[in-house]
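Q: please find the sequence and the predicted model below.
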Amino acid sequence: MNRAYFARRLATALLAVWVAVLLNFLLIHLMPGDPAHRFYADPRVPPEVKQEIIRNFGLDRPLWYQFVLYLRNLFRGDLGVSYSFQRPVLQVIAERIPWTLAITVIPTLLSMLLGIYLGLWAAWRRGGVVDFLLRSLGIAASSVPSFWLAMLLVMLFAFWWRLFPLMGMVKPGLSFAESPWAFLGSLAHHAFLPMFTLFLISLPGYALAMRNAVICVLGEYYILAAQGKGVSVRRLLLRHVLKNAVLPLISMFSLSLVGVLGGAVLVEQVFSWYGMGLLMIRAAQARDFPLVQAAALISIVLTIEANFVADLVQAWIDPRVRYG
Amino acid sequence: MARERVPRWLVLLSRPSGLFAVAFLGLCVALALLAESVAPYDPYDPGQRALEAALSGPCPAHPLGTDAFGTDLLSALIYGTRVALIVGLTTGVTVPLLGALLGGVAAFFGGGVDRGVMFLVDVVMVLPGLPLMILVASYVGGSYWIVVVLFTFLGWAGVCRMVRGRILSEKEALYVEAARSFGAPRWRLIVRHLIPSTYPLLALTAARTAAGSVLAEAGLSFLGFGDPQAISWGKILSEAQSQGALLFGAWWWVLFPGLVVFLLSFSFISLGYVLEEVFNPRLRRGGHRG
């Protein structure tokens, strides 16, 4: 791998993380009101914990010293204690991450696969029915608020047709220990609508991007050469077109992670699906500052990392990126 | 082909999507300005809530129905255009402006300035918007200005990259070289040729940004971080969610507010595509557009 490219990407990613950390710290101190109050003036914090917070964050010391302490705590993985849970925030967040992954991973992969297929089809029969539908619906779909779509789906499938539960994650009273299959079944039943919403939201973007990439590739001379050679349509699309057109989608996949995380926040709110997003919303509403901060910081760092990894993967697969 | 000069606004209105976009945006602006005289009720006045008609579906007295507090939804939607338009129009100006400015600076100065700005672009591009908005909202409380500020802070990067690329490639274009060989001064090249070459891009990004910020404002209000004093479409949906519109089957309370969010955002996007065509005659009648 090209060293300079790697170094540049790494520097960008690290600087982005640095900006996020700095923003996080500055927000505490630049916002109106006494910053110290946000740490311990909450009635939920017992006095002995208060003393420990003051010492741990150096709240009686100058600002630069507080920043050093903040960095030190960050490197130790100590992001503070949640006001509302009275537990380390990392613990609280770690419990919620699997729930968000449970409704985001499968829809993202499925919409990507179907998007690749639809994009190939639309581009191959350019100007045809699929292409027309994809272009007109694809542009319109980007204007549909995700949470509104979720609410409409709840209205249709849960309220009128009673096919799925209105909200929640499992039927109350079920536990994994007692009846694992009933538990998992109920979980899947509850997860279907949130997953379906996220699938519908991300599909048009992938399909349109794939369509445009395929149209670019179809104009290349090597496609003409392959056609002249008498390659079958199936082989042409799968071997010559797909391989080259799918590359930009890799970076799109990572960028869409940002969108999926954002979309998941809204969708989790509609379905009361208690994942990372809903945790962040509730923490912000409860003014549980350590928790909101940590949750925001973690989602920002995750996004930056995803982008970094995608860049590397793309450069690894496609030499044009490395040397471009 | 004979070169006839079609007025730009006529091109804009000759496309169905352009006509729709202009009509709907015009309607929204008119409603926002004239809300007091157009809306049948004042949704800010608790005295005008019809408690006995709470949660009633569309009927002659309330064409779009009422919410659980008896507020007339049509009036609330009319007043809600204000927040949506303020957010959409402000970001639609600030984001392209800041992006064009920094992109232009990077392209014209080159060297270290260029590298510095582009590095900053790479950094800002990967910062996600929604977690940042929630974080800021938890400190300053709900406000739609959060959307405006954060959209500007994060949105300029994409515009900057595009504007820079456009100017750098246009610099080498033959017509610019021709103008230079005739002895046109540097400022004239910049003002007459290079800056106008970015207009189609800027029109498209302005419209896309406006569309995106309208959606983001609705989303943020839906999560409960909207301005507590102002009626907005997202807030109506937030109340619909928290007051159990889905449990009572009050479909009008969900359908209409979301529909106007969609229509406004869609109008902005369509306007962007048509404006790009208006500013860039090469796209017109260019056969098949991708």
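A: Received the coordinates, thanks. Numbers count the residues shown, from 1 in each chain, chains lettered A, B, ... in the order given.
Q: look up how far residue B:263 lies from the residue in the stretch 101-250 of chain A that chain B sits nearest to.
A: Across the stretch 101-250 of chain A, the shortest distance to chain B (Cβ to the nearest Cβ) belongs to residue A:148, at 3.3 Å. C-beta coordinates here come from the backbone N, C-alpha and C atoms, glycine included. Distance of residue A:148 to residue B:263, computed by Cβ to Cβ, to the nearest Å: 12 Å.
Q: looking at these two now, which is surrounded by more residues?
A: residue A:148 (26 against 17; other Cβ atoms under 10 Å in any protein chain shown).
Q: check which element follows the host helix or strand of that one along the chain.
A: Using DSSP states H and E, residue A:148 sits in helix A:146-153. Per DSSP H and E, the first helix or strand lying C-terminal to helix A:146-153 is helix A:180-218.
Q: tell me what the helix or strand just after that next one is packed against?
A: As assigned by DSSP H and E, the chain's next helix or strand after helix A:180-218 is helix A:221-229. On a contact count with 3 or more Cβ pairs under 8 Å, 6 or more residues apart in numbering or on different chains; DSSP states H and E, helix A:221-229 meets no helix or strand.
Q: name the residues that touch helix A:221-229?
A: By Cβ atoms under 8 Å, 6 or more residues apart in numbering or on different chains, the residues outside helix A:221-229 that reach it are A:217, A:236, A:240, A:241.
Q: export those to JSON lines and tack on neighbour count, pLDDT and distance to residue B:78?
A: JSON lines is the format used below for the contacts of helix A:221-229 (neighbours: other Cβ atoms under 10 Å in any protein chain shown; pLDDT from 0 to 100; distance: Cβ to Cβ, whole Å):
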{"residue": "A:217", "neighbour count": "19", "pLDDT": "89", "distance to residue B:78": "49"}
{"residue": "A:236", "neighbour count": "18", "pLDDT": "88", "distance to residue B:78": "55"}
{"residue": "A:240", "neighbour count": "19", "pLDDT": "86", "distance to residue B:78": "55"}
{"residue": "A:241", "neighbour count": "22", "pLDDT": "88", "distance to residue B:78": "50"}
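Q: among the residues you listed, which two are most distant?
A: A:217 and A:236 (10.5 Å; Cβ to Cβ).
Q: and the closest residue in space to residue A:252 that isn't next to it in sequence, how many neighbours?
A: Distances taken as Cβ to Cβ, 6 or more residues apart in numbering or on different chains put residue A:209 closest to residue A:252, at 5.4 Å, once the chain neighbours are dropped. A count of neighbours around residue A:209, defined by other Cβ under 10 Å, yields 21.
Q: the helix or strand bottoming out on mean pLDDT in chain A: what's the following helix or strand?
A: Ranking every helix and strand in chain A by mean pLDDT, DSSP states H and E puts helix A:35-40 at the bottom, with a mean of 62. The first helix or strand that comes after helix A:35-40 along the chain, using DSSP H and E, is helix A:47-57.
Q: that following helix - contacts with which helices or strands?
A: helix A:35-40, helix A:63-75.
Q: residues in contact with residue B:127?
A: A:16, A:19, A:20, A:300, A:303, A:304, B:154.
Q: name the SS class of it, please.
A: Under DSSP: H, G, I helix; E, B strand; the rest coil, residue B:127 falls in the coil class.
Q: buried residues, stretch A:128-136. List them.
A: For stretch A:128-136, burial by neighbour count (16 or more other Cβ atoms under 10 Å in any protein chain shown) applies to A:130, A:131, A:134, A:135.
Q: so is that stretch next to chain B?
A: No: if you take Cβ under 8 Å from any Cβ of the partner chain as the test, stretch A:128-136 misses chain B, and the best it gets is 8.8 Å.
Q: alpha carbons of stretch B:32-49, as PDB, please.
A: Extracted C-alpha coordinates of stretch B:32-49, given in PDB (Å, rounded to 0.1, in the frame of the first residue of the first chain):
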ATOM      1  CA  ALA B  32     -45.800  32.200   6.100                       C
ATOM      2  CA  LEU B  33     -46.200  35.900   5.500                       C
ATOM      3  CA  LEU B  34     -49.900  36.000   5.700                       C
ATOM      4  CA  ALA B  35     -50.400  33.300   8.300                       C
ATOM      5  CA  GLU B  36     -52.400  35.600  10.700                       C
ATOM      6  CA  SER B  37     -55.000  36.500   8.000                       C
ATOM      7  CA  VAL B  38     -55.100  33.200   6.200                       C
ATOM      8  CA  ALA B  39     -55.200  30.600   9.000                       C
ATOM      9  CA  PRO B  40     -58.800  30.000  10.200                       C
ATOM     10  CA  TYR B  41     -57.700  29.800  13.900                       C
ATOM     11  CA  ASP B  42     -54.700  31.000  15.900                       C
ATOM     12  CA  PRO B  43     -52.800  27.900  17.000                       C
ATOM     13  CA  TYR B  44     -50.800  29.900  19.500                       C
ATOM     14  CA  ASP B  45     -53.900  31.000  21.300                       C
ATOM     15  CA  PRO B  46     -55.100  28.300  23.800                       C
ATOM     16  CA  GLY B  47     -58.500  30.000  23.900                       C
ATOM     17  CA  GLN B  48     -59.100  29.100  20.200                       C
ATOM     18  CA  ARG B  49     -58.600  25.400  20.800                       C
END
